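Engineer: heads up, no residue letters with this:
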């Protein structure tokens with residue numbers, strides 16, 4: 001692989017062949033980009049403390065950015081907006097930058113600064129897209145298209161925005177342009193939980209926040225979060241947080 005030393009905090013590796021970690025230089029964060037092929041989407045994956053196996057899972061043509069954690073936090077102005085180890089669709093504009101680095105045909109005196117600058121641009125845009133637009137995870141189901149993945153992401157956002165409403169599988173599926181079967185299978189594949197689990201988690205997390213931020217009775221908090229029965233709210237809350245709502249409020253406020 002070609003090795004582009006961008007700075008003491010960043011190295012770009014591009015092309016086919018074996019890649020080796022740069023842990024000895026403190027570059028313990030890696031963005032691994034696959035260019036895609038017929039029937040295979042271009043992808044990006046974030047890996048912390050990458051091993052040689054992580055970097056060489058695919059020895060075909062790819063681009064790897066090895067970075068120091070400090071550089072990522074500084075440029076991202078906070079946490080990096082990708083879940084470690086999860087493969088995401090690589091947006092076309094970012095793939096174009098990566099291809100420009102890989103396929104640069106300039107002579108050495110021009111190619112070195114060009115590829116260095118493009119590597120910095122790619123790094124900054126990887127973080128910007130995560131912060132502004134978000135990435136679409138690639139589902140494990142090979143039949144799940146990018147369009148369906150985006151619809152599933154819309155379903156997750158709908159649950160986050162409308163958690164207090166009476167949500168049904170059919171209603172969510174219609175709102176996001178999916179059929180019920182694809183919603184249920186795809187949601188579990190992409191997010192590792194059922195639609196019902198996602199709704200429950202959202203409601204109980206909001207209930208926990210409401211218990212700490214208000215003086216509402218526990219039963220009123222449960223009602224506002226979609227539980228008509230105080231006993232069922234208490235059971236669900238205890239399963240989620242490990243303690244009953246009254247204990248949760250008392251312990252957190254006393255801490």
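Structural biologist: Thanks, I have it. Please read these numbers as outputs of a predicted model, since none were measured by experiment. Numbering: from 1, shown residues only.
Engineer: make it CA atoms for all contacts and neighbour counts henceforth
Structural biologist: Will do.
Engineer: and residue 14, helix, strand or coil?
Structural biologist: strand (DSSP: H, G, I helix; E, B strand; the rest coil).
Engineer: distance check, the residue nearest to it when sequence neighbours are not counted against residue 42.
Structural biologist: In space, and not counting its chain neighbours, residue 14 is closest to residue 63: 4.3 Å by CA to CA, 6 or more residues apart in numbering. Distance, residue 63 to residue 42, by CA to CA, to the nearest Å: 11 Å.
Engineer: show me which of these two is the more surrounded one.
Structural biologist: Set residue 63 next to residue 42 and count neighbours by other CA atoms under 10 Å: residue 63 wins out with 26 against 21.
Engineer: contacting residues around the nearest residue to residue 172 once chain neighbours are set aside?
Structural biologist: Nearest residue to residue 172 in three dimensions, chain neighbours excluded: residue 155, at 6.4 Å (CA to CA, 6+ apart). By CA atoms under 8 Å, 6 or more residues apart in numbering, the contact set of residue 155 is 172-173, 175-176.
Engineer: redo the residues you listed as a markdown table? Include pLDDT and distance to residue 109.
Structural biologist: A markdown table is the format used below for the contacts of residue 155 (pLDDT from 0 to 100; distance: CA to CA, whole Å):
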| residue | pLDDT | distance to residue 109 |
| --- | --- | --- |
| 172 | 94 | 56 |
| 173 | 93 | 55 |
| 175 | 93 | 54 |
| 176 | 91 | 51 |
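Engineer: low-scoring stretches of the chain, by residue?
Structural biologist: 37-40, 133, 139-144, 253-255 (pLDDT under 70).
Engineer: how about the strands of it, start to end?
Structural biologist: In the chain, the strands defined using DSSP state E lie at 2-7, 10-15, 29-34, 43-48, 62-67, 87-89.
Engineer: need the ones you listed in JSON lines (columns: distance to residue 186).
Structural biologist: Below are the strands of the chain laid out as JSON lines (distance: least, CA to CA, whole Å):
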{"stretch": "strand 2-7", "distance to residue 186": "38"}
{"stretch": "strand 10-15", "distance to residue 186": "33"}
{"stretch": "strand 29-34", "distance to residue 186": "23"}
{"stretch": "strand 43-48", "distance to residue 186": "19"}
{"stretch": "strand 62-67", "distance to residue 186": "28"}
{"stretch": "strand 87-89", "distance to residue 186": "15"}
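Engineer: so how far is residue 29 from the most centrally placed residue in the chain?
Structural biologist: Centroid-nearest residue in the chain, with CA atoms, centre = their mean: residue 82, separated by 3.5 Å. The gap separating residue 82 from residue 29 is 12 Å, by CA to CA.
Engineer: now the angle from the longest helix seen in the chain to strand 10-15?
Structural biologist: Ranked by residue count and defined by DSSP state H, the top helix of the chain is helix 108-132. Helix 108-132 and strand 10-15 meet at an angle of 110 degrees, taking axes from the mean of the first three to the mean of the last three CA atoms, to 10 degrees as the criterion.
Engineer: now the helices for the chain?
Structural biologist: Going by DSSP H, the chain shows helices at 52-55, 69-76, 92-102, 108-132, 146-161, 169-176, 180-191, 195-213, 218-224, 230-241, 245-254.
Engineer: the residue nearest to residue 14 reaches residue 32, doesn't it?
Structural biologist: Yes: taking CA atoms under 8 Å as the definition, residue 63 is a contact partner of residue 32 at 6.1 Å.
Engineer: residue 168: neighbour count?
Structural biologist: With other CA under 10 Å as criterion, residue 168 counts 12.
Engineer: now do the domain split for the protein, please.
Structural biologist: 2-132, 146-192, 198-254 (automatic domain parsing).
Engineer: make a markdown table out of those and add distance to residue 138.
Structural biologist: Compiled in a markdown table, the domains of the chain are given as follows (distance: least, CA to CA, whole Å):
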| stretch | distance to residue 138 |
| --- | --- |
| domain 2-132 | 5 |
| domain 146-192 | 7 |
| domain 198-254 | 19 |
